[in-house]
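Could you look at this predicted model? Sequence included:
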Amino acid sequence: MRTAFERLTRRAEFRRLTRARRSSARPGLVLQALRRPDGEGEARVGLTASRRVGNAVRRNRARRRLRALAEKVIPLHAKHGHDYVMIARVGTADRPFSALVEDLETAMKRLNVWRDD
RNA sequence: CCAGACGGUCGGAUGGCCGCCUUUCGGCGCAGGCAACUGCUUCGGGGGGAGGAAAGUCCGGGCUCCACGGAAGCACGGUGCCGGAUAACGUCCGGCGGGGGCGACCCUAGGGAAAGUGCAACAGAAAGCAUACCGCCCGCCAUCGCUUCGGCAACGGCAGGUAAGGGUGAAAAGGUGCGGUAAGAGCGCACCGCGCUCCCGGCAACGGGAGCGGCAUUGUAAACCCCACCGGGAGCAAGACCAGAUAGGGGCGGCGUUCCGGGGCUUCGGCUUCGGAAGGCACGUUUUCGGGCUGCCGCCCGGGUAGGUCGCGCGAGGCGUCCGGUAACGGGCGUCCCAGAUGAAUGGCCAUCGAACGCCCUAGCGGGCGGGAACAGAACCCGGCUUACAGACCGUCUGGCACU
RNA sequence: CGGGGUGUAGCUCAGUCUGGUAGAGUGCUUGCUUUGGGAGCAAGAUGCCGCAAGUUCGAAUCUUGCCACCCCGA
């Protein structure tokens, strides 16, 4: 699908970010970030929700909320040339949206990928 | 009005802002083409966008590939009262038998045990062509005792008759009652059950009636089995196409190979195995030199690769209506086109209304406050089954109470 | 998404086909042995047989429906 940003779809890409071991866990989500080898282009985002989050309805809902969250925050504040993976947690589907925004912003600052312009 | 039974429909609503998938129309641009047009990018408008279970994957089909002369049989698996519906089914409809409920109604794997085999632990005398532990009864013998001296005889022994009663068990070979008897027994009779024959009703399952028999035939087939019917296997990660890749390694078989040495076999023609050299290949700057690899074909193992397009949305299709049928369902006519994703669209945020539920007030009706919607997300499609599910509404019917 | 398998003692598994008694190893408890520990010896405890219905007189075992876990498939 096309959104305000490029999506990660290949399993190998997800595994590359996981191996990088650069992540920040917040109550509503876990953020992984990695600079691409070329360091060029728009930020790309992947979303994932494991069976631990709940049944299919809860997993879909958590992933959709993360997608809406990314559409709102990533194009404005994420550093270019990086790949990001947002992992849903158990509380993602129920947490207030404003709290999720704070979670993502805090995580981005801790990983030093915040762009303030 | 209360309690209940059955069938069906729905399963949060409205609006605002920002987005997503798909389809269609129009415009600009690019590419291909003589052209019709096609494809791509972008902008704008219109249409459509989760379920009754999308779930579990328990059955049945379509579709695809694989296998296979046809057909039948065997093996294995499944189904199992009768009739019908259907593409088919283990589903559905109508009926029958059995069980439950005052009733509406509900439940029911419900063929065959006189074709054969197996099993029935423990207990009990005995568990399947029955048997006799305690007991009951008769006869004979004999002792104690009693005696009116004729006998009567407890207890015991022997020989029989019994299946009433006791006891065991899930189950003990018809049940209840009356008669009968030494005691008993379908020994006789009545009713019930069972079996056989005949008649009547029904397409049938089966039901009703009459007569006869005199009780034979324990249970278990979700034990083997018998009978009847059905079934080739795997699954859209099927399968097809495009792009890319198919390197190095191991095993087996076949073909091919110059020389030397060792071993084995030999029908002395050779065959086979191991090692080395030559030759060949590519590499290191060229020669020298150095290390490395070892031909071809087929099969297998193992390893690597894991992108895209199609399949993939007109169908046993939905809705309305009429006709046939008790019904499941079938037929005619009209009308509609109605999800197609692939790290996976159908959403995010906000506002208003709001069911369940909780608390408070009230005799009750009702009111106030809080609260904020069950189970759950298409993944090739369709027909069923099963399981999960807050609640709302409609219809038909049953029982009870009150009133007319 | 599709296909297959397994649930029994704390752990690893028999028993299920062919229905009546639930077992082995290890671990655990107690005692003996030893100065003490380990090893060894002896005794003992331990299970709604994953859950629920059904068939049967009787179910870990047979049938059906659920639940959990594991494996495989371009």
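Sure, I can see it. Since the model is a prediction, treat every value here as computed from it, not as a measurement.

In chain A, what residue spans correspond to helices?
A:11-20, A:56-77, A:97-110 (DSSP state H).

got the contact list for the second one?
By Cβ atoms under 8 Å, 6 or more residues apart in numbering, the surrounding residues in contact with helix A:56-77 are A:3-5, A:29, A:43, A:45, A:47-51, A:53-54, A:84, A:86, A:88-89, A:92-93, A:97, A:100-101, A:104-105, A:108, A:114-116. C-beta here means a position set from N, CA and C on the backbone, and glycine is covered the same way.

switch to 6 Å and redo it
With contacts defined as Cβ atoms under 6 Å, 6 or more residues apart in numbering, helix A:56-77 is touched by A:4-5, A:43, A:45, A:47, A:49, A:53, A:86, A:88, A:92-93, A:100, A:104, A:114-115.

Same question for stretch A:11-26.
Here stretch A:11-26 has contacts from A:30, A:31, A:32, A:33, A:34, A:46, A:85, A:103, A:107, A:110, A:111, using Cβ under 6 Å, 6+ apart.

What average pLDDT does that stretch get?
Mean pLDDT, stretch A:11-26: 80.

Dump the C-alpha coordinates for that stretch into PDB.
What follows is stretch A:11-26, C-alpha atoms only, in PDB (Å, rounded to 0.1, in the frame of the first residue of the first chain):
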ATOM      1  CA  ARG A  11      11.200 -10.400   5.900                       C
ATOM      2  CA  ALA A  12      15.000  -9.800   5.400                       C
ATOM      3  CA  GLU A  13      14.500  -6.100   6.000                       C
ATOM      4  CA  PHE A  14      12.800  -6.800   9.400                       C
ATOM      5  CA  ARG A  15      15.600  -9.200  10.300                       C
ATOM      6  CA  ARG A  16      18.200  -6.600   9.500                       C
ATOM      7  CA  LEU A  17      16.700  -4.100  12.000                       C
ATOM      8  CA  THR A  18      16.300  -6.800  14.700                       C
ATOM      9  CA  ARG A  19      20.000  -7.800  14.400                       C
ATOM     10  CA  ALA A  20      21.000  -4.200  14.700                       C
ATOM     11  CA  ARG A  21      19.800  -4.300  18.300                       C
ATOM     12  CA  ARG A  22      19.000  -0.600  18.500                       C
ATOM     13  CA  SER A  23      15.600  -0.300  20.000                       C
ATOM     14  CA  SER A  24      13.600   1.600  22.700                       C
ATOM     15  CA  ALA A  25      10.700   0.000  24.500                       C
ATOM     16  CA  ARG A  26       7.800   2.300  25.700                       C
END
